[in-house]
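A.B. asks: What follows is a predicted protein model with its sequence.
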There are 4 protein chains.
Amino acid sequence: MIVVMRSGASATEVQAVVKRVEELGYQAHLSAGRERTIIGVIGDERPLNEAAFHLLDGVDKVVRILKPYKLASRDFHPQDTVVAINGIRVGGPRVTVIAGPCSVESREQLLETALAVKEAGATLLRAGAFKPRTSPYSFQGLGPRALELLAEVKETVSMPIVTEAMAPEQVPLVAEVADVIQIGTRNMQNFALLHAAGESGKPVLLKRGMMSTMEELLMSAEYILSHGNYGVILCERGIRTFETYTRNTLDLAAVPVLKQMTHLPILVDPSHATGNWEWVTPLALAGIAAGADGLLIEVHPHPERALSDGTQSLRPERFGALVAKVRAVAEAVGRSV
Amino acid sequence: MIVVMRSGASATEVQAVVKRVEELGYQAHLSAGRERTIIGVIGDERPLNEAAFHLLDGVDKVVRILKPYKLASRDFHPQDTVVAINGIRVGGPRVTVIAGPCSVESREQLLETALAVKEAGATLLRAGAFKPRTSPYSFQGLGPRALELLAEVKETVSMPIVTEAMAPEQVPLVAEVADVIQIGTRNMQNFALLHAAGESGKPVLLKRGMMSTMEELLMSAEYILSHGNYGVILCERGIRTFETYTRNTLDLAAVPVLKQMTHLPILVDPSHATGNWEWVTPLALAGIAAGADGLLIEVHPHPERALSDGTQSLRPERFGALVAKVRAVAEAVGRSV
Amino acid sequence: MIVVMRSGASATEVQAVVKRVEELGYQAHLSAGRERTIIGVIGDERPLNEAAFHLLDGVDKVVRILKPYKLASRDFHPQDTVVAINGIRVGGPRVTVIAGPCSVESREQLLETALAVKEAGATLLRAGAFKPRTSPYSFQGLGPRALELLAEVKETVSMPIVTEAMAPEQVPLVAEVADVIQIGTRNMQNFALLHAAGESGKPVLLKRGMMSTMEELLMSAEYILSHGNYGVILCERGIRTFETYTRNTLDLAAVPVLKQMTHLPILVDPSHATGNWEWVTPLALAGIAAGADGLLIEVHPHPERALSDGTQSLRPERFGALVAKVRAVAEAVGRSV
Amino acid sequence: MIVVMRSGASATEVQAVVKRVEELGYQAHLSAGRERTIIGVIGDERPLNEAAFHLLDGVDKVVRILKPYKLASRDFHPQDTVVAINGIRVGGPRVTVIAGPCSVESREQLLETALAVKEAGATLLRAGAFKPRTSPYSFQGLGPRALELLAEVKETVSMPIVTEAMAPEQVPLVAEVADVIQIGTRNMQNFALLHAAGESGKPVLLKRGMMSTMEELLMSAEYILSHGNYGVILCERGIRTFETYTRNTLDLAAVPVLKQMTHLPILVDPSHATGNWEWVTPLALAGIAAGADGLLIEVHPHPERALSDGTQSLRPERFGALVAKVRAVAEAVGRSV
């Protein structure tokens, strides 16, 4: 941590900062520039509150030097993490395609979609039982009944399941059926839920908050990792900006940047990012070209009748075409599907 | 709901939309412009999914006409809602000042702050027992022990208490002590928590998500209202923008705009918005001038030693000066403290 | 400037940075922390490119310590700057109210508005001759003819004039008539225009870019100041965010923050920020309560017939009511109108 | 255009709107829903001001139906526009790679870079003579001297030149040397400059404003097109968001969305978007995978000594590797370099 003094700070003010640094058990390293004096605080800055120095007289600003995340960091774990899910490996040379409908609506709808996406090349099935909806008047998901259908279809189709938990008390229920527990964009900083997911021992698919920085995403991953659960898969799904033509703005720079910051695998969800099926394929290809470890794609046999997110869902045959194109781009960047 | 056809849409495409509108039990109202045909969908559009029309051939876009919120709307309830809390009325001519430390840290710290803010003119005491923190390594609040201290100090100082619940299962615990349950910015769309707060019967202080539109804030209020709990107080606390000099950007236009959209009272929290005590007073005054029903202000006897948010906390004497200035501005706009 | 090395950077890498610092004529100040080594660069960092160090092996990041603006800074000029315009002083204890129609449309419209706003308490008249419009099909302003009308009405009504220049070659033309040259939000980083305005010697009203940080606003002011033109008045007029209910988000924290960063006077423009006359008055009051030195308000005798920005224009009688309320709030914060 | 009345608007209020519609020469089409009456305005809405209706009593909102751009629209010109520049065709099946240093610094630097990027596969050379810099203290470009060097190197290396004009009066000067005139992100709404570029007759490379919507980008293109200049090439270069880890957020959804909205070719600039050379290659590949017609890449022989933007510049050998990878991805999506 570095404390930057205001220009014209007095020697007494500087001394008070040094004294405070030492009182807190750190070493102070003084460096007097031409215009400003700066004071290096030597030691692990993570537990320190900036206010401890910021509020002292003559202080202009406090700059943190260390990354606030540790277990999620490449410094801590230089090799890529590969998350194994029933024999499927997320984060290795193969690109993982996860697909399915936004919500479980019926046995027929789920089964039809599962068979179609498996046939097309998806290796995990994703469908929501509990749905976070902006409006209390919208379809909220079939809940426990959907979990039963997921368990049944998982058996029939033999595909691992990804589904979302929205509250800590849903985690044990979801964990019984799901191979991967999803934490959605609105819950990225639901710390009680992160705690419960961390303790579940199940792999967690953690979506970036639509207004969260990459650093905050890693801090949320850190909550899960710090419970001894190392099966964390990150997902970029679009952030909120002033542009309203697409639902959100897919931040594909997050892929190479996160690859540098962390060892955790990173997926891209172009369906939620754009909100429109017509733009899903080009952005899926872009995600793979940028280096993502996989994709999350919404597929529905009859999008116009979907109870949620129909506008962004691909029909199965279009999903098949997408996978074929993804395969070509994956090969162009040295990977496979 | 209005369905706008692409320019050049065929008569068959238009007819298919009309047919779909009627199948869904609505009336279609055709209007052929010079360049585009538009189709009005007559009936309550709220349960309709846009995808039902958007995905039909020849459709360019679907525009909603009705507000998605109902119980929160001024159309539904034209008079201002006043929330009564132990004789204090939030939303009436008096401006309500809520103050206290970010976290409960000790009996002494809480009691000292409570006495000071009451003396200065605050009528509700706010302090956190459960703290949502970006980092798992930061102080997470004293939890149940803090609730005991709040209960004790509430008795001693005789001030109603506002404190946050972070998860549905904390709501009953918090509701035993709190006069108002706070839902924080990161939890504005934690729908399980909104549900639990709605059922608690206690007044709820609902903070706007730092990434949420005003309409989404009202939809979250609608979750609480739809459980028959009408004691909802809204709070603007800053949204996330590209400007990094302040922690968030306080959106004071939200005050008059929300006053027009809804009957619910609206508070302003300049402490979290700016993240710096030096800017709290001018923005508190601005909030009152803009028509807010009250303020949420962080106060700590020793900000430099605070376990969280010290940088933005006012010392008690500065808080006293703030209240005096707020009083003057409140009077200038026809209100009192 | 501080160079932060990656954790695990080698001694050779550190030495290469030190060598580069010294080659560039600066002093290096080494500080070895427990996890990271940091190198202070002693000397005026402003001419330095970060790339000079950032691209060396083992460097993690480069942190600037000094403010990039100098003449605009309070460090350089601690007292408030007061800009004098024909006897009107912007930036002193009196709050300045500037008002007028968005565009000059006709002699009658301009004269009627000028008389009305003067009567209500405005001291400067603002109206556009050259209009920056998003669409080439919208009304682009009357241009030179409008300047003639401004000159005529200025004489008749005896009010100083504020009007916008959109290109360097318009500056001399505008400067003949205007007492203050406005630089609009879309031109805040039109550096050729800043240069021309700087050389004109006339006071400049510099509006913050809707996409610009406060620091960038001060850097644009610095362009004008560095031409020896010290008559710069800043104006906050709303920034672009994800919230679409208002046209832009008025960032009122900019008022106290800029007051701390700079000595230049700061106005607030609630008309362009909100885009709706109904919200102009509460935000004008909020601006004054936050400490602004004045207001920019759009007024039109017949907003429904305005050729531009009618939706946000106040009718003269409503403007009169606004000024009366502004007076009350100004007095509450120790100022006058 | 559709006028939506408030719920509870009276018949008289509705009639007043209808009357106003007809007075303005349009036809009104009334549609009474269960909760709201809406009034369709039949005719070309582009010249209409929303205020004409918005300010009438009982009106809730005014919704535009038509796209505000015309010449830039796919409706107007369904085929892809291909811009021909000395035999190079931007917008056809071949992907165009434009590369060069941020600024012209010297004959040696320019020549060395030009030879290297040509060798690696770039077909146009880009380098700045006039540089828009946030700070007046930063290097502002060599100006006319740089244009001379560009003319010389263009001859020697036989590559067409792209260079920026920052002000209308620079356009003729720049047009003498440049094959394509660049309009930078800060000048996307510099309407006087758009006008001058439109009249120059030269192809224009129009960069999206960092805080501009796609619709606004097309409106700026419309300014150029409406001067009869059809050689407009769009460029996505990152928008401003709350994420600060990258300099801007590259909005790759803009590629397929703009392809749908307009017939104009679209390039991607990953260098300015990320601000860091390490992330340029993955985002260049992503841009091509998303369907972009080409790339703009900053290359410098000695980035650590660059006078501007060194941090994001690739060394020539790394640029060569980038082009090889771009070729593979282009082929995977059915294009070539």
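C.D. replies: Yep, it's here. Numbering: from 1, shown residues only, chains lettered A, B, ... in the order given.

A.B. asks: Stretch A:153-161 spans what distance, first to last residue?
C.D. replies: 9 Å (Cα to Cα, to the nearest Å).

A.B. asks: from the chain's centre, how far out does the top helix by length along chain A sit?
C.D. replies: Assignment by DSSP state H gives helix A:316-332 as the longest helix of chain A. Distance, stretch centre to chain centre, for helix A:316-332: 23 Å (Cα atoms, centre = their mean, to the nearest Å).

A.B. asks: Convert the C-alpha atoms of that helix to CSV, please.
C.D. replies: Provided in CSV are the C-alpha atoms of helix A:316-332 (Å, rounded to 0.1, in the frame of the first residue of the first chain):
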residue,chain,number,x,y,z
PRO,A,316,-32.2,-27.0,-32.4
GLU,A,317,-31.3,-27.0,-36.1
ARG,A,318,-29.7,-23.5,-35.8
PHE,A,319,-27.8,-24.7,-32.7
GLY,A,320,-26.5,-27.6,-34.8
ALA,A,321,-25.2,-25.1,-37.4
LEU,A,322,-23.6,-23.0,-34.6
VAL,A,323,-21.7,-26.0,-33.2
ALA,A,324,-20.3,-26.8,-36.7
LYS,A,325,-19.0,-23.3,-37.0
VAL,A,326,-17.6,-23.3,-33.5
ARG,A,327,-15.7,-26.4,-34.4
ALA,A,328,-14.1,-24.7,-37.4
VAL,A,329,-13.0,-21.7,-35.3
ALA,A,330,-11.9,-23.8,-32.4
GLU,A,331,-9.6,-25.7,-34.8
ALA,A,332,-8.3,-22.4,-36.2
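
A.B. asks: anything in it near chain B?
C.D. replies: No. Helix A:316-332 is not in contact with chain B by Cβ under 8 Å from any Cβ of the partner chain; minimum separation 11.8 Å. To be clear about C-beta, it is placed using only N, CA and C from the backbone, and glycine gets the same treatment.

A.B. asks: Summarise which helices and strands that helix is packed against.
C.D. replies: Packing partners of helix A:316-332 (3 or more Cβ pairs under 8 Å, 6 or more residues apart in numbering or on different chains; DSSP states H and E): strand A:96-100, helix A:107-120, helix A:280-290, strand A:294-298, helix D:316-332.

A.B. asks: ok, which stretches of the stretch 1-150 of chain A are strands?
C.D. replies: In the stretch 1-150 of chain A, the strands defined using DSSP state E, counting those that start in this stretch lie at A:2-5, A:27-32, A:37-42, A:59-63, A:83-85, A:88-90, A:96-100, A:124-126.

A.B. asks: Tell me which of those sits nearest to chain D.
C.D. replies: strand A:59-63 (13.7 Å; Cβ to the nearest Cβ).

A.B. asks: tell me the domain boundaries of chain A?
C.D. replies: As given by automatic domain parsing, the domain ranges for chain A are A:2-63, A:83-332.

A.B. asks: Quick one: distance of the last one to the chain centre.
C.D. replies: Its chain's average C-alpha position is 10 Å from that of domain A:83-332, according to Cα atoms, centre = their mean.

A.B. asks: give me every residue that touches the closest residue to chain B within the stretch 1-150 of chain A.
C.D. replies: Proximity of the stretch 1-150 of chain A to chain B (Cβ to the nearest Cβ) peaks at A:Ala51, 2.9 Å away. If you count contacts by Cβ atoms under 8 Å, 6 or more residues apart in numbering or on different chains, A:Ala51 has them with B:Pro303, B:Glu304, B:Ala306, B:Asp309, B:Gly310, B:Thr311, B:Ser313.

A.B. asks: For the residues you listed, which PyMOL command selects only the ones that are buried?
C.D. replies: Buried residues within those, by 16 or more other Cβ atoms under 10 Å in any protein chain shown, are selected in PyMOL with:
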select buried, chain B and resi 303+304+306+309+310+311+313
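
A.B. asks: Farthest pair within the contacts of A:Ala51?
C.D. replies: B:Glu304 and B:Asp309 (12.0 Å; Cβ to Cβ).

A.B. asks: Contacts for stretch A:26-42, please.
C.D. replies: So stretch A:26-42 is contacted by A:1-7, A:9, A:14, A:17-18, A:21-22, A:43, A:48, A:53, A:60, C:2, C:29, C:31-34, C:38, C:40, C:42-44, C:65-66 (Cβ under 8 Å, 6+ apart).

A.B. asks: Stretch A:147-163 now?
C.D. replies: By Cβ under 8 Å, 6+ apart, stretch A:147-163 touches A:85-86, A:88, A:98, A:100, A:104, A:106-107, A:110-111, A:114-115, A:118, A:122-129, A:142, A:146, A:173-174, A:176-182, A:205.

A.B. asks: same deal with stretch A:301-314?
C.D. replies: Here stretch A:301-314 has contacts from A:101-103, A:105, A:109, A:112-113, A:116, A:128, A:131, A:133, A:138-139, A:247, A:271-272, A:274-277, A:280-281, A:297-300, A:315-316, A:322, B:49-52, B:54-56, using Cβ under 8 Å, 6+ apart.
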